[in-house]
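[1] Next input, structure requested:
(2 chains)
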Amino acid sequence: QSVLTQPPSVSAAPGQKVTISCSGSSSNIGNNYVSWYQQLPGTAPKLLIYDNNKRPSGIPDRFSGSKSETSATLGIAGLQTGDEADYYCGTWDSSLSALVFGGGTKLTVL
Amino acid sequence: EVQLVESGGGVVRPGGSLRLSCVASGFTFDDYAMSWVRQAPGKGLEWVSDINWNGGSTGFADFVKGRFTISRDNAKNSLYLQMNSLRAEDTAFYHCARQRRKSGYPLYIDYWGQGTLVTVSS
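    Numbers count the residues shown, from 1 in each chain, chains lettered A, B, ... in the order given. Next up, the predicted model:
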């Protein structure tokens, strides 16, 4: 049972936009920055978004992040088949004194 | 280019021990905190432990407290995870990861290694 809650799967057609939600509480998302990670099949996770909405160098602006109170959202626009992956949210939990992650969301590009 | 290369995984019996290593390159190792994050096959990410830049501060997930220790050797650009009293539920890929912090608190992980597989089985 993950501390952060994500939908197990989402799907959309190529070229469309999809959003992935991440729900937490005041001890984690509510008072700390959120990050998002992409894990392509058979590879290590890769940082997509940090500090709620910032993109590391090399991450296209098709990827966006937002946060509102105790929830965060990852948006992926202009979907490509290469975006098929598992996506995880993460943040610091002040009560647990631990980095926590969501259970992951599998994106299928139909 | 940042590279994190883990080693030391393998098959171990319940109750046994294993020591994982991670060699870092492409950045100034002692400028950064480091983490271990694990992923059971087909499952999600779980933070295991982290250590600050000089080894003076460490953190552990509840499920490994008292069993695992984390350390680093900045002269060798290396991170370690000593795992004792291993259980079947510790079976996972263990990723070495570079951690970003603010005011001493972990913020996110910006680079991950490919991971080394630890299998605990009789």
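[2] three-state assignment of residue B:75?
    helix (DSSP: H, G, I helix; E, B strand; the rest coil).
[3] Between the two ends of stretch B:107-120, how far is it?
    From its first residue to its last, stretch B:107-120 covers 31 Å (CA to CA, to the nearest Å).
[4] in chain B, which helix or strand is least confident?
    Least confident helix or strand, chain B: strand B:105-112 with a mean of 92, by mean pLDDT, DSSP states H and E.
[5] Please work out which residues outside whatever helix or strand comes next after that one touch it.
    Once strand B:105-112 ends, the next helix or strand along the chain (criterion: DSSP states H and E) is strand B:116-120. The contact list for strand B:116-120 (CB atoms under 8 Å, 6 or more residues apart in numbering or on different chains) reads B:6-14, B:16, B:18, B:20, B:83, B:86-94. C-beta here means a position set from N, CA and C on the backbone, and glycine is covered the same way.
[6] hang on, the earlier thing: who are the packing partners of the least confident helix or strand of chain B?
    Packing partners of strand B:105-112 (3 or more CB pairs under 8 Å, 6 or more residues apart in numbering or on different chains; DSSP states H and E): strand A:34-39, strand A:46-49, strand A:85-93, strand B:33-39, strand B:92-102.
[7] roughly how far is it from the heart of the chain?
    Put simply, strand B:105-112 sits 13 Å off its chain's centre (CA atoms, centre = their mean, to the nearest Å).
[8] Give the buried residues for it.
    Residues of strand B:105-112 classed as buried by neighbour count (16 or more other CB atoms under 10 Å in any protein chain shown): B:106-112.
[9] And for stretch A:80-100?
    Neighbour-count burial for stretch A:80-100 [16+ other CB under 10 Å]: A:83, A:85-93, A:98-100.
[10] swap in stretch A:97-110?
    For stretch A:97-110, burial by neighbour count (16+ other CB under 10 Å) applies to A:98-107, A:109.
[11] residues touching the residue nearest to residue A:17 when sequence neighbours are not counted, list them.
    Excluding the flanking residues, the one nearest residue A:17 by CB to CB, 6 or more residues apart in numbering or on different chains is residue A:77, at 4.4 Å. Residue A:77 is in contact with A:17, A:62, A:64, counting by CB under 8 Å, 6+ apart.
[12] top of the residues you listed by neighbour count?
    Of all those, residue A:64 has the most neighbours under the rule other CB atoms under 10 Å in any protein chain shown, reaching 18 neighbours.
[13] Might one say that it is in contact with residue A:49?
    Yes: when contacts are counted by CB atoms under 8 Å, residue A:64 is listed as touching residue A:49 (7.5 Å).
[14] helix, strand or coil for residue 43?
    Went with chain A since none was named. Look at residue A:43: counting by three-state DSSP, its state is coil.
[15] switch to chain B, that's the one I care about
    coil.
[16] who does the nearest residue to it once chain neighbours are set aside bridge with?
    In this structure, residue B:43 finds its nearest non-sequential neighbour in residue B:92, 7.7 Å apart by CB to CB, 6+ apart. Counting by DSSP bridges, residue B:92 is bridged to residue B:118.
[17] now residue B:11
    So, taking DSSP bridges as the rule, residue B:11 has residue B:119 as bridge partners.
[18] picking that back up, out of the buried residues of stretch A:80-100, which is nearest to residue B:37?
    residue A:99 (7.8 Å; CB to CB).
[19] Count residues in the vicinity of residue A:2, would you?
    Residue A:2: 17 neighbours (other CB under 10 Å).
[20] give the contact list for it.
    Listed by CB under 8 Å, 6+ apart, the contact set of residue A:2 reads A:100-103, B:44.
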